[in-house]
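S.K.: need the 3D shape of this:
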Amino acid sequence: MNLRKIFKYFFSDIVRSKWIPVYAVLLFALTSGIIYFSRDGQKAFISLLNIALYLIPLLCLIFGSVYNYNSREFVEMLLTQPVTRKSVFMGQYLSLGLSQTAGFVLGMILPLFIYDFSINAALLLAAGVFLIFIFNGFALLVSNMVNDKVKGVGILIAVWLFFAVFYDGLMLFMFYYFADYPLEKATIIASSLNPVDVARTFIMLRLDMSALFGYTGAVFKKYFGSGAGIYVSLLILHLWMIVPSLFARRKFRKKDF
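M.R.: Numbering: from 1, shown residues only. Next up is the predicted model:
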């Protein structure tokens, strides 16, 4: 059994669960409503950007981990066949990422194209795909490390809270208590440790709206400029996509089923 067949099964199983269609419809209704009732296109896009940056990672963490827990018996049966653990992991990881990307495109990106937000939609698509695969990597990592479903989901919600809420508080704490020191380089390093911040910076720099992002966006633009800052952000996002998935795959290969 090759990777293609494994991926095909996982992908069709996810679609049959009806979670992706419901997810896409809800996103479509939310996105269309915000665009339709907003009188300012830029404000509408900022609202949608915040939804993508905070809601999408949370949904990826919850759905990815729950699906992995629920499919554990099938995975155990699959591993009794002449198939490598790498193929099983990659089939599950890619099916989770691509199915959620499909829901994200149909639910949030399609309305942006319909309402002529083509450039913004392309940027949001790129950032959203990175976040989907990054946080699915975290979901598989934790769910393969922790056997208890409730505990595992709780840890992943804590991970989301850290990146989405607490990390900004830590940054503000650093800015406040070390305001007398040069913090530009430290700010770039600290911001790079949060994939949500990096995705937001990538979009803001491309649209030349770094002032709306605040201090971190201004520092990125100052040191790298809009062009170089975009490439640096993309490089960091690639690293974030690779590292959690590699750790998750390593844990899966060593896991005793």
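S.K.: please enumerate the helices of the stretch 1-150 of the chain.
M.R.: For the stretch 1-150 of the chain, the helices defined by DSSP state H, counting those that start in this stretch cover 3-16, 19-37, 41-70, 72-78, 85-104, 110-114, 118-145, 149-161.
S.K.: least reliable of those going by mean pLDDT?
M.R.: The stretch with the lowest mean pLDDT among the helices of the stretch 1-150 of the chain is helix 110-114, at a mean of 81.
S.K.: hmm, back to that, so which of the helices of the stretch 1-150 of the chain comes closest to residue 248?
M.R.: For the helices of the stretch 1-150 of the chain, the distance to residue 248 is smallest for helix 118-145, at 3.8 Å, taking C-beta to C-beta. The way it works is simple: take the backbone N, C-alpha and C, and place the C-beta from them, glycine included.
S.K.: and that closest one with helix 85-104, angle?
M.R.: Here helix 118-145 points in a direction 140 degrees away from that of helix 85-104 (axes from the mean of the first three to the mean of the last three C-alpha atoms, to 10 degrees).
S.K.: what packs against helix 118-145?
M.R.: helix 41-70, helix 85-104, helix 110-114, helix 149-161, helix 195-206, helix 215-254 (3 or more C-beta pairs under 8 Å, 6 or more residues apart in numbering; DSSP states H and E).
S.K.: and the shortest one, how far out from the chain middle?
M.R.: Here helix 110-114 shows a centroid-to-chain-centroid distance of 20 Å under the convention C-alpha atoms, centre = their mean, to the nearest Å.
S.K.: what's the answer for the fifth one, then?
M.R.: For helix 195-206, the separation from the chain centroid amounts to 12 Å (computed by C-alpha atoms, centre = their mean).
S.K.: ok, the first one next?
M.R.: The chain centroid and the centroid of helix 41-70 are separated by 7 Å, computed with C-alpha atoms, centre = their mean.
S.K.: what comes up buried for that helix?
M.R.: For helix 41-70, a neighbour-count test (16 or more other C-beta atoms under 10 Å) marks 44-49, 51-54, 56-69 as buried.
S.K.: for residue 149, see how far away residue 80 is.
M.R.: Note on residue 80: its distance to residue 149, by C-beta to C-beta, to the nearest Å, is 23 Å.
S.K.: the two: who's more crowded?
M.R.: Set residue 80 next to residue 149 and count neighbours by other C-beta atoms under 10 Å: residue 149 wins out with 15 against 8.
S.K.: so for this structure, the centremost residue is which one?
M.R.: In the chain, the residue lying closest to the centroid (C-alpha atoms, centre = their mean) is residue 131, at 1.8 Å.
S.K.: residue contacts, that residue?
M.R.: 52-53, 56-57, 60, 195-196, 199 (C-beta atoms under 8 Å, 6 or more residues apart in numbering).
S.K.: and which of those is nearest residue 162?
M.R.: residue 196 (10.1 Å).
S.K.: pretty sure that closest one sits against residue 161.
M.R.: No. Counting by C-beta atoms under 8 Å, residue 161 is not a contact partner of residue 196; they are 11.5 Å apart.
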